[in-house]
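# this is a predicted model, with the sequence first.
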Amino acid sequence: MAIHILGNGPSLDLFVRDIWPDSDIFVGCNFSNEALRPHYTVIVDMRAMKQFRSAKSKGQTLNIPAVISDRANKYIAEETGGWDKVPEGRINVIEVIPLERDPKVSKKLAMNSGQHAVVHAIRNYPAVKEIHIWGTDSLWSNDIVSATDKIVRPHHKGPRLRPRVTTKWMRYWKKILRDHPNHTFMIHCPEGSTISKPLAEQDNLKVVEYA
Amino acid sequence: MKYTSRDYLNKMIAVAIENGTISASDVHRLIDVHGGNDEAAMVDILSMIWQRKKDKELLESAQVVYKNFRSDKQGDFDK
């Protein structure tokens, strides 16, 4: 049995849902692709939450159960007029989780939704020790482009190069790997991808390359 | 009170009825829609709790039942 974290980067194309048993745990991030049948999706980004508040004709509907951060909840509940402004059926929240951050890693930046998804799944399925990470291109690239961008940043064009952000995310990944030495993390990536050295040096990280 | 013969679903329904989130007619609808798929019914109850009450603590009380159910189910897969 394994946990699959489904990021939204271009390499998510490497993931073929039907070859994995339904007994595995599939966890999406933000506006995850419903066709991949994730059990739930994790949303920490306020920009994503904003989409549920938009007018009926423009807003997004998420048909996957959602685990949201308390920051995302606060954004809707306290900062943008309350949940009553969110049309019914737009989002099915099944859990509200604390925002994961570590001031030693970054004073401002919290973990991203993929990292929250990993930490949440590990806590909820303690017996499962194999974690597959898909569609997380920021592990080998500074381009943080994501399929969710089409929804939350519809006017953005070209790559989204954010080296400062990816450096901090990398530190969070390293922390996750160190905090869970008995888990094996399998990163699925295109052939020739170079995973950053501090991560690649961790014994519990395995890289699966695809031609 | 026994709402169904399925333990975890029964517990979850009891939590949601006690906190006033769902009614007997909701229970009938859930059983109609989901049949024997307890997990889908429980996920629906969780989202109803949030949708109707927006109360993190209420949601957490039902989540405990859901997590126990998942953990038991996972144990079955591991056997």
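Thanks, I have the structure now. Numbering: from 1, shown residues only, chains lettered A, B, ... in the order given.
# what about the helices in chain B?
Along chain B, counting by DSSP state H, helices occupy B:7-18, B:24-34, B:38-53, B:56-78.
# outside of the third one, which residues touch it?
Under the contact criterion CB atoms under 8 Å, 6 or more residues apart in numbering or on different chains, helix B:38-53 has outside partners A:65, A:88, A:92-96, B:6, B:8-9, B:12-13, B:16, B:19, B:21-22, B:26, B:30-31, B:33-34, B:55, B:58-59, B:62-63, B:65-66, B:69-70, B:73. (C-beta placed from N, C-alpha, C; glycine too.)
# likewise for the longest one?
Residues from elsewhere that reach helix B:56-78 (CB under 8 Å, 6+ apart): A:1, A:23, A:70, A:73, A:93-96, A:124-125, A:127-128, B:8-9, B:11-12, B:15-16, B:19, B:21, B:38-39, B:42-43, B:45-46, B:49-50, B:53.
# how close does A:Lys175 sit to A:Tyr75?
A:Lys175 is 25 Å from A:Tyr75, where distance means CB to CB, to the nearest Å.
# apart from its chain neighbours, what residue comes closest to B:Ile49?
Spatial nearest neighbour of B:Ile49, chain neighbours left out: B:Thr21 (4.8 Å); criterion: CB to CB, 6 or more residues apart in numbering or on different chains.
# which among the contacts of helix B:56-78 end up buried?
Neighbour counting by 16 or more other CB atoms under 10 Å in any protein chain shown classes A:73, A:93-96, A:124-125, A:128, B:8-9, B:11-12, B:15-16, B:19, B:21, B:38, B:42-43, B:45-46, B:49-50, B:53 among these as buried.
# number of nearby residues for A:Gly192?
Counted with other CB atoms under 10 Å in any protein chain shown, residues neighbouring A:Gly192 total 8.
# ok, it touching A:Glu209?
Yes. Using CB atoms under 8 Å, A:Gly192 is in contact with A:Glu209, at 7.4 Å.
# got phi/psi on residue 36?
Using chain A here. In terms of degrees, to the nearest 10, the main-chain angles of A:Leu36 are phi -80, psi 0.
# I was after chain B.
Dihedral angles for B:Gly36 - degrees, to the nearest 10 - are phi -90, psi 0.
# and if you look at A:Lys104?
Backbone dihedrals for A:Lys104, given as degrees, to the nearest 10, come out at phi -70, psi -20.
# report the separation between it and B:Lys2.
Taking CB to CB as the measure, A:Lys104 falls 51 Å from B:Lys2.
# what's the first helix or strand after the lengthiest helix in chain A?
As assigned by DSSP H, the longest helix anywhere in chain A is helix A:163-179. Sequence-wise, the next helix or strand downstream of helix A:163-179 (DSSP states H and E) is strand A:184-190.
# buried residues in that following strand, which are they?
A:Thr184, A:Phe185, A:Met186, A:Ile187, A:His188, A:Cys189.
# just the pLDDT at A:Gly192, thanks.
Turning to A:Gly192, the model gives it a pLDDT of 90.
# so it, which of the three states?
coil (DSSP: H, G, I helix; E, B strand; the rest coil).
# that one and A:Trp140, how far apart?
According to CB to CB, A:Gly192 and A:Trp140 sit 9 Å apart.
# how about the residues of chain A by chain B?
Residues of chain A lying close to chain B by CB under 8 Å from any CB of the partner chain are A:1, A:23, A:65, A:70, A:73, A:77, A:83, A:88, A:92-96, A:124-125, A:127-128.
# strands - which of the residues you listed land there?
Among those, the members found in strands (DSSP state E) are A:Val93, A:Ile94, A:Glu95, A:Val96.
# and for the nearest residue to A:Ala35 once chain neighbours are set aside, the neighbour number?
What sits nearest to A:Ala35 in space, not counting adjacent residues and going by CB to CB, 6+ apart, is A:Arg17, at 7.7 Å. Number of residues near A:Arg17 (other CB under 10 Å) recorded here: 15.
# looking at it, A:Arg17 is touching A:His39, isn't it?
No. Applying CB under 8 Å as the test, A:Arg17 and A:His39 come out as separate, 12.0 Å apart.
# quick check: neighbours shared by the two?
Counting by CB under 8 Å, 6+ apart, the contacts common to A:Arg17 and A:His39 are A:Phe26.
# skipping adjacent residues, who's closest to the closest residue to chain B within chain A in space?
Residue nearest to chain B within chain A (CB to the nearest CB): A:Asn92, separated by 3.5 Å. Here the nearest residue to A:Asn92 in space, its sequence neighbours aside, is B:Ser47; by CB to CB, 6+ apart that works out to 3.5 Å.
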